[in-house]
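sequence first, predicted model second:
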Amino acid sequence: MISAKKVPIEKGVEPLIEQIVGLHFRARREAARRNLLLFPLVTIGTPGRHEKRKAGWVISRGTARNLARWPGEFDEVPLEDLLSFRLGVSVVVRNDASAQMAYGIEELLRHPRSANVIKGKRVSYLGLGTGLGGGFATVSKRGRISLKTDGHVGNILMEPFTFHEKRMGYQLKVKVTRKKAVFKFQADSMERNLVFRLSLNRPLEVQDLLSGPGWHSPQTGLSAGGGQVMKALARFEGEVLFRLIQALHEGRVRKAKPWLKWSKADCHFVKNVRTFLVGGGLSANKYFMRNMFDKFQERWADEGCRPVTFLTIINNAWAGALGTGSFVEPDILRRAVACLP
C-alpha cells in the first residue's frame, strides 16, 4: 500500500459519489506529484447486497441503510456505473463484508497451519462491527476462492427466546420477542438493577443483537456494570451466535423482506458449514470474544452437534477495500490494462 487516508463517510447517493470522486482525483494529483502511474481501475467495498442485472450491478432494496439519509435512498442504485461515468475508469463495487472475507481468506492461505484448516472446505465469515456482515465461500484444495450467496446473515430474522444466566456475583435476564428485547442486569456490587429496552418498528434481526456499537454501547447504560456486565453480555451474544449458526446448519434462513430471500441452493449450501472466520471491529476485543465463544461452545456441546472451528482474522481497517480486488473479472482487468499509456 503506497498511500492511505481515513475520512468520515458522507451519507446519501450524491454526497457519497462526490466524496469518492474528490478522493480519487486527489489520489491522481498525489500520484502525478510523486511521478507514479495509477492503474485505471477503482475497487470499492460498501454495505449492501449487490445484484447483477442485465444493465449492470445495483444495490438491492433495503440493504444499504447505513449509507442512506432516508429509507430506500440506495434501492436499485447502479453505484458502480455512476462512479465509472464520473471517474472515467473501470469501477468494481461489491459488499464490504464479502470483501473482508476474501481478504481474510487470502491472509490465512499465506500461513501453512491456517491454510490446512480452510483448504477444501466451505467457510463462513462473520464480521462483527457496526452491523453484522457475513459471507460464504468454498476454498479449493489449491486455495482457489469461490464466493457463494449474497453474504447477508445480519438480516436473518431473530426467533423469540428467553435468556437467563446466573453466575457468581451477577445475573442477566433477556427476553427477546418479535420486535423487542428487554435486558435486566443485576449484580451483588450494584445498588440498583440495570434495565435496557430495545424496541423497533420492524421485526428483530440477528444484527440487532449481534454487532459492535449497538445495544451494548455506553449510551445504553449497560456498560456501567464494568467487567461483570461485559462478560454477561458477551455470553448473551454467545447464545445469539449459537442460534444463528444452528439456523444456518439447518438451512433455516428466514428474512423479513421477500426480495432478500435466499434461493434454495444458497440455503442448501450453508447447511452444516463448520469452519467460521471471525473479523470486524468487535473481534479485536479478546476478552469479549473469549466469553462469547465459551458460551457458544457450551450450547453447541449441549446439543450434541459436531465440532465447529473458529479462526479470528486480524482486524485490518483496509480489508474491505483491499479485498474487493478479488471481484475483478478478467474482462474488466483487460479493459483496464488496455487503457494504460
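Looks like it arrived, so ask away.

so which bits of the helix or strand of the chain with the lowest mean pLDDT are buried?
Sorting the helices and strands of the chain by mean pLDDT, DSSP states H and E puts helix 319-322 at the bottom, at a mean of 79. Using 16 or more other Cβ atoms under 10 Å as the test for burial, helix 319-322 gives 319-322. To be clear about C-beta, it is placed using only N, CA and C from the backbone, and glycine gets the same treatment.

one more: stretch 163-178?
Within stretch 163-178, the residues scored as buried using 16+ other Cβ under 10 Å are 163, 170-174, 176.

hmm, back to that, closest one of the buried residues of helix 319-322 to Arg26?
Proximity of those to Arg26, judged by Cβ to Cβ, is greatest for Ala321, which lies at 15.5 Å.

surely the closest one meets Ala102?
No - in this structure Ala321 lies outside contact range of Ala102 using Cβ atoms under 8 Å: 11.4 Å.

after the least confident helix or strand of the chain, which helix or strand is next?
Per DSSP states H and E, the first helix or strand lying C-terminal to helix 319-322 is helix 330-338.

quick one: mean pLDDT over that next one.
Helix 330-338 shows a mean pLDDT of 91.

ok, stretch 209-224 next?
The pLDDT scores in stretch 209-224 average 54.

any low-confidence regions in the stretch 101-250 of the chain?
The stretch 101-250 of the chain contains residues with pLDDT under 70 at 130, 150-151, 211-226.

which stretches of it form helices?
Ranges of helices within the stretch 101-250 of the chain are 112-118, 206-209, 226-249, based on DSSP state H, counting those that start in this stretch.

next, the buried residues of whichever helix or strand comes after the last one.
What that stands for is helix 226-249. Next in sequence after helix 226-249, counting helices and strands by DSSP H and E, comes helix 264-270. Buried residues in helix 264-270, counted by 16+ other Cβ under 10 Å: 266-267, 269-270.

next SSE after helix 264-270?
As assigned by DSSP H and E, the chain's next helix or strand after helix 264-270 is strand 275-279.

am I right that Phe296 is in a helix?
Yes - judged by DSSP: H, G, I helix; E, B strand; the rest coil, Phe296 forms part of a helix.

verify the contact between it and Leu241 for me.
Yes - counting by Cβ under 8 Å, Leu241 is a contact partner of Phe296 at 4.9 Å.

quick one: mean pLDDT over stretch 18-34.
93.

check the buried residues of stretch 163-178 and tell me the two furthest apart.
Of all pairs in these, the most separated under Cβ to Cβ is Tyr170 and Val176 at 19.5 Å.

show me the contacts for the residue nearest the centre of the chain.
By Cα atoms, centre = their mean, the chain has its centre lying nearest to Gly133, at 1.4 Å. Counting by Cβ atoms under 8 Å, 6 or more residues apart in numbering, Gly133 touches 47, 95-98, 100, 125-127, 151, 154, 280.

mind doing that once more with 6 Å?
Residues in contact with Gly133, defined by Cβ atoms under 6 Å, 6 or more residues apart in numbering, are 97, 127.

in the sheet, who's paired with it?
For Gly133, the residues forming beta bridges with it (DSSP bridges) are Gly127.

where do the strands sit along the stretch 101-250 of the chain?
Assigned by DSSP state E, counting those that start in this stretch, the strands in the stretch 101-250 of the chain fall at 121-128, 132-139, 145-148, 161-167, 170-176, 180-187, 194-199.

out of the buried residues of helix 264-270, which comes closest to Ala232?
Minimum distance to Ala232 across these is 29.6 Å, recorded for Val270 (Cβ to Cβ).

could you find the closest non-adjacent residue to the closest one?
By the measure of Cβ to Cβ, 6 or more residues apart in numbering, the closest residue to Val270 outside its immediate chain neighbours is Leu248, 4.8 Å from it.

again with Ile332
Sequence neighbours aside, Ser90 is the residue nearest to Ile332 in space, at 5.3 Å (criterion: Cβ to Cβ, 6+ apart).

pretty sure the one you found sits against Val337.
No - assessed by Cβ atoms under 6 Å, Ser90 is found out of contact with Val337, at 10.0 Å.

circling back to that earlier point, out of the helices of the stretch 101-250 of the chain, which is closest to Thr275?
The closest of those to Thr275 is helix 112-118. By Cβ to Cβ, the value is 6.0 Å.

what comes into contact with that closest one?
108-109, 139.

what are the buried residues along that helix?
In terms of neighbour count (16+ other Cβ under 10 Å), helix 112-118 has its buried residues at 114, 117-118.

follow-up on the earlier one: could you check how far the least confident helix or strand of the chain is from the centre of its chain?
12 Å (Cα atoms, centre = their mean, to the nearest Å).

with stretch 33-51 instead?
On Cα atoms, centre = their mean, the centre of stretch 33-51 falls 20 Å from the chain's centre.

what does stretch 100-116 give?
17 Å.

quick one, what contacts Lys255?
Applying Cβ under 6 Å, 6+ apart to Lys255 gives the contacts 155, 261.

relative to Ser60, how far out is it?
11 Å (Cβ to Cβ, to the nearest Å).

and if you look at Val153?
Separation of Val153 from Ser60 (Cβ to Cβ): 15 Å.

between those two, which has more neighbouring residues?
Val153 (29 against 20; other Cβ atoms under 10 Å).

from Phe276, how far off is that one?
Val153 is 11 Å from Phe276, where distance means Cβ to Cβ.
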